[in-house]
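Visitor: have a look at this prediction, sequence included:
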Number of protein chains: 2
Amino acid sequence: MTRSAALNSNCHAIFLGTGTSTGVPVIGCDCPVCTSNDQRNQRLRSSLWLKIHGLSLLVDAGPDLRHQALRENIRSVDAVLYTHGHLDHVAGFDELRAFCWRRDRPLPIYANPGCMNTLQSMFAWAFSPNNTHGGYVKPDPHIVRDTFFIGPLRITPLPVFHGTVETNGYLFEAESQKKIAYIPDAKVIPNDTIALLQKCDILIIDALREQPHPTHLCVEETLSIIEQVQPQQAYLTHISHETNHQDLESRLPSNIKIAYDQLTISLDL
Amino acid sequence: MTRSAALNSNCHAIFLGTGTSTGVPVIGCDCPVCTSNDQRNQRLRSSLWLKIHGLSLLVDAGPDLRHQALRENIRSVDAVLYTHGHLDHVAGFDELRAFCWRRDRPLPIYANPGCMNTLQSMFAWAFSPNNTHGGYVKPDPHIVRDTFFIGPLRITPLPVFHGTVETNGYLFEAESQKKIAYIPDAKVIPNDTIALLQKCDILIIDALREQPHPTHLCVEETLSIIEQVQPQQAYLTHISHETNHQDLESRLPSNIKIAYDQLTISLDL
C-alpha cells in the first residue's frame, strides 16, 4: 500500500527505524550497503510508531528519536512501550520532553521489570520525586508482564530470548484492526510466545543478517519462525549493513518483505 | 574563512552542533526559528570537532553524534573531552564504538570527576572489567582538573558554574596555532577562569538566548564576558530556538559571530 493511501486509513504502523544498533550507514564504513543509493538501505535505529484509533504510541525511543519525530511530524505521544534496555532502544529518553510539555499528565511508559530498572538507573533524575522542573520528562512507569489495555487497544507482552537481556515483543489487537506483532530483538522465541503469535495478521520480526549471530535471529532462523506462525504478512526488521534490501527481498516469498524506514502499513481490516 | 579554505589549513575546529538540549527545530514547534529556511537556524546538539596537528578530538559526544560523524565523514577519533554530564553532551556514548573498532587501544576520554562519575554510572557496562566484547566502546578514562597534554596539544580545563552540574570548558594551545577556548554551557565564569581566558585568541561561549536563564548565560551576560576577555574573535554557541541567527548577528559587533553547524574555523596563525 502506498504511504498516502495508508495515511488516509484510520490505523497504521510507521517504521521510524529498521536498523541495528549502529544504524546504516555505519560510521566510517565503505561497504556496498553503507554507500548504497537505495534509500531502503539507510536505516535509523529500530522503532515503530502506531497510530491506532486516535492513539499515538511509540515502541522504543532510541537515539534517533528527535530525527524520527521531526521527519514524521510526530507532535504528541500517548505512551511509550519499551522492548528492552539496550541503548539503541532507550537512548532517546530525553527527547520525550517535547511530548511531556504538551500533556497535563505524566507520560505513561511500559516496560518489563528489567528494562524499567535500566531506565530508572540510567535516567534516575526523571523518576526522582525531585523531578518538578516543567521542562523535563515526566514518566508514569508501568511494569508489564501480562495483557494490558491502552484505550481500546489490547496489548500483550511477548517475552523472547535476546542474549542476557530480558526482552519483550508486543502484540497489538483492537476491533476492526489487523493484529500486529512487533519483535525487533530476539534470538529464540519460546513456545508460549509462538502460541501467542498464532493470533497475528502481521508479524514484524528481527532478522539481523544472513550470517548467524549470538543474540539476534538470522534470516534463516526468522524464516523458520514465520513458517510456524503463518502470518498474513511478515516484515523483517533490525537489519544490519550486511543486508542489501533489494538482493535479499528478491529471494524471499511474497508474504515476507523487508521493512524500511518510513514504510507505512495500514492496519484496517 | 570559507569551509574549503579552512580545510586546506593544518588545524581547524568544526562545529558539529550549536544547539541547546532539544536541538533546533524543537519537536512539534512552529515558531519562526524552528520553521526557518535559514540553515544556520538548524542546530544539532552542541559539540566541537578539533583537527589539530594530525589529532582528531571530539569535545562532547551528544545524541547527534552518529549524524554528525556521517555528515563530516569523521573516521577516527583520538580522544573525547567532556564538558559535563548532561544528556545533550553524553548521550552519544554508544556511537563511539565505531571509533573503537579501528583502534588497537582503548579510547581516551577526559572529564572532570562529576562527569566521569555520570558516564561510569550511565554506561557502566563499558567501564566494567567484563567489557571484553570486541564490538563495544572501550574507554580509557582520565579525570582532569589541571592542564594536560594530548600529543603536542596543551589543554587546560576551565571550570565554570552551570546550575548544579560540575562543568568544564577547555582551552587548547599548540605551537603556531591560535589559542581557542570552548565553553558551551555556563551561567557564571569564575575569576580564575576569566584569568585563563585572557590567553585565548578565539572564544566560543554559551549564549543560550536573549532572555535570562537560570543555568545558561544569556546574550547580554555573554557580551559582558567577551568584553572582559577581549578575544580576537568570539563565537556564540548552545543557541536555543528563541534566537534567529540573522536577526541577532546583525546587532553584534564584528568580532562576535554566532556559530552554526558545520562552521569551520582555521586555527593556523
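Guide: Great, that's in hand. Numbers count the residues shown, from 1 in each chain, chains lettered A, B, ... in the order given.
Visitor: mind listing the strands for chain A?
Guide: A:12-17, A:47-52, A:55-59, A:79-81, A:107-111, A:139-143, A:148-150, A:153-162, A:165-173, A:180-183, A:202-206, A:233-237, A:256-258, A:264-266 (DSSP state E).
Visitor: next, count neighbours for the closest residue to chain B within the stretch 151-269 of chain A.
Guide: The stretch 151-269 of chain A approaches chain B most closely through residue A:214 (9.9 Å), counting by CB to the nearest CB. Every residue, glycine included, has its C-beta placed from N, CA and C. Using other CB atoms under 10 Å in any protein chain shown, residue A:214 has 7 neighbouring residues.
Visitor: same check on residue A:231?
Guide: Neighbour count of residue A:231, defined by other CB under 10 Å: 23.
Visitor: separation between it and residue A:179?
Guide: Distance check for residue A:231 against residue A:179: by CB to CB, to the nearest Å, it reads 9 Å.
Visitor: common neighbours of the two, please.
Guide: Counting by CB atoms under 8 Å, 6 or more residues apart in numbering or on different chains, the residues touching both residue A:231 and residue A:179 are A:200, A:201, A:202.
Visitor: tell me the contacts of the nearest residue to residue A:220 once chain neighbours are set aside?
Guide: Closest residue to residue A:220 apart from its sequence neighbours, by CB to CB, 6 or more residues apart in numbering or on different chains: residue A:210 at 7.3 Å. When contacts are counted by CB under 8 Å, 6+ apart, residue A:210 touches A:218, A:219, A:220, A:242, A:243, A:248.
Visitor: for residue A:210, phi and psi?
Guide: Main-chain torsions, residue A:210, degrees, to the nearest 10: phi -80, psi -40.
Visitor: quick one, grab the pLDDT at it.
Guide: On the pLDDT scale, residue A:210 is placed at 97.
Visitor: same thing with the one 5 residues further on?
Guide: For residue A:215, the model assigns a pLDDT of 96.
Visitor: count of residues packed around the closest residue in space to it that isn't next to it in sequence?
Guide: Spatially, and ignoring its direct neighbours in sequence, residue A:215 is nearest to residue A:163 (3.5 Å; CB to CB, 6+ apart). Applying other CB under 10 Å, we find 14 residues neighbouring residue A:163.
Visitor: my read: residue A:163 touches residue A:188, true?
Guide: No. With contacts counted by CB atoms under 8 Å, residue A:163 stays clear of residue A:188, the gap being 10.2 Å.
Visitor: look up how far chain B lies from the residue sitting furthest away from the middle of chain A.
Guide: Using CA atoms, centre = their mean, the residue of chain A lying farthest from its centre is residue A:130. It sits 30.9 Å away. Applying CB to the nearest CB, to the nearest Å, the value for residue A:130 to chain B is 11 Å.
Visitor: tell me the contacts of that residue?
Guide: With CB under 8 Å, 6+ apart, residue A:130 has no contacts at all.
Visitor: and it, how far from residue B:117?
Guide: Applying CB to CB to residue A:130 and residue B:117 gives a distance of 18 Å.
Visitor: same question for residue A:243.
Guide: Taking CB to CB, one finds residue A:243 at 40 Å from residue B:117.
Visitor: so between the two, which is more surrounded?
Guide: Legend: neighbour count by other CB under 10 Å for residue A:243 and residue B:117, higher for residue A:243 (22 against 14).
Visitor: for the more buried one, give me its contacts.
Guide: A:33, A:207, A:209, A:210, A:219, A:258.
Visitor: the last one reaches residue A:252, doesn't it?
Guide: Which is residue A:258. Yes. In this structure residue A:258 lies within contact range of residue A:252 using CB under 8 Å: 7.4 Å.
Visitor: give me the more crowded residue out of those two.
Guide: residue A:258 (23 against 16).
Visitor: not counting sequence-adjacent ones, nearest residue to residue A:35?
Guide: residue A:25 (7.1 Å).
Visitor: what number of residues lie near that neighbour?
Guide: Residue A:25: 20 neighbours (other CB under 10 Å).
Visitor: residue in the stretch 101-250 of chain A nearest to chain B?
Guide: Closest point on the stretch 101-250 of chain A to chain B, by CB to the nearest CB, is residue A:122, at 5.5 Å.
Visitor: related to what we said a few turns ago, take the contacts of residue A:210 and keep only those in helices.
Guide: A:219, A:220, A:248 (DSSP state H).
Visitor: between those residues, which has the most around it?
Guide: Of the ones in helices among the contacts of residue A:210, with other CB under 10 Å as the count, residue A:219 tops at 21 neighbours.
Visitor: can you name the residues that contact that one?
Guide: Residue A:219 touches A:207, A:209, A:210, A:236, A:243, A:248, counting by CB under 8 Å, 6+ apart.
Visitor: so which of these is the closest to residue B:134?
Guide: Nearest to residue B:134, judged by CB to CB, of the contacts of residue A:219 is residue A:209 at 16.6 Å.
Visitor: let me know whether residue A:45 touches residue A:24 as I believe.
Guide: No. Contact criterion CB under 8 Å: residue A:45 and residue A:24 do not qualify, at 9.9 Å.
Visitor: of these two, who's got more company?
Guide: Applying other CB under 10 Å to residue A:45 and residue A:24 shows that residue A:45 carries more neighbours, namely 32 against 26.
Visitor: can you report how many residues neighbour the residue lying closest to the more buried one once chain neighbours are set aside?
Guide: Spatial nearest neighbour of residue A:45, excluding adjacent residues (CB to CB, 6+ apart): residue A:62 at 3.9 Å. Other residues near residue A:62 come to 26 when the count uses other CB under 10 Å.
Visitor: can you give me the pLDDT of residue A:62?
Guide: 98.
Visitor: test my guess that it contacts residue A:93.
Guide: No. Assessed by CB under 8 Å, residue A:62 is found out of contact with residue A:93, at 9.5 Å.
Visitor: and the gap between the closest residue to residue A:22 other than its chain neighbours and residue A:45?
Guide: Distances taken as CB to CB, 6+ apart put residue B:98 closest to residue A:22, at 6.5 Å, once the chain neighbours are dropped. Using CB to CB, we find residue B:98 at a distance of 14 Å from residue A:45.
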